[in-house]
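**Student:** coords below, sequence missing:
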């Protein structure tokens, strides 16, 4: 008997909540199509991990950077090499630390 009353109350609660949802405001167009608001991740933000050996160590370490960071480091290295070549840093040979001559 108590099970019957309990089941009846559960069904009454279920119908009461379903009718409350039916009376709610209709969803807007934005709510119906969330996939249209999805922005794919920027490929430059993808993380790339590789194993590198640190100078002076035989144990490789795992280094993780974004593709953007890798590209910026490569551009900075290239600019630095171009600046050194433009100033004649490669063609001069060793410099005497005392006199500053070649």
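**Tutor:** Done, it's in. Just so we're clear, the structure is a prediction, and the values are computed from it rather than from any experiment.

**Student:** now do stretch 54-61: everything it contacts.
**Tutor:** Residues from elsewhere that reach stretch 54-61 (CB atoms under 8 Å, 6 or more residues apart in numbering): 51, 52, 53. Any C-beta I mention is one placed from the backbone N, CA and C, and that applies to glycine too.

**Student:** distance between the ends of it?
**Tutor:** The straight-line separation of the ends of stretch 54-61 (CA to CA, to the nearest Å) is 7 Å.

**Student:** buried stuff in that stretch?
**Tutor:** Within stretch 54-61, no residue is scored as buried using 16 or more other CB atoms under 10 Å.

**Student:** re earlier: strands - which of the contacts of stretch 54-61 land there?
**Tutor:** Residues of the contacts of stretch 54-61 located in strands (DSSP state E): 51, 52, 53.

**Student:** for those residues, which one is nearest residue 62?
**Tutor:** Comparing those against residue 62 with CB to CB places residue 51 closest, at 5.7 Å.

**Student:** you'd agree that closest one is up against residue 62?
**Tutor:** Yes. Here residue 51 lies in contact with residue 62, judged by CB atoms under 8 Å, at a distance of 5.7 Å.
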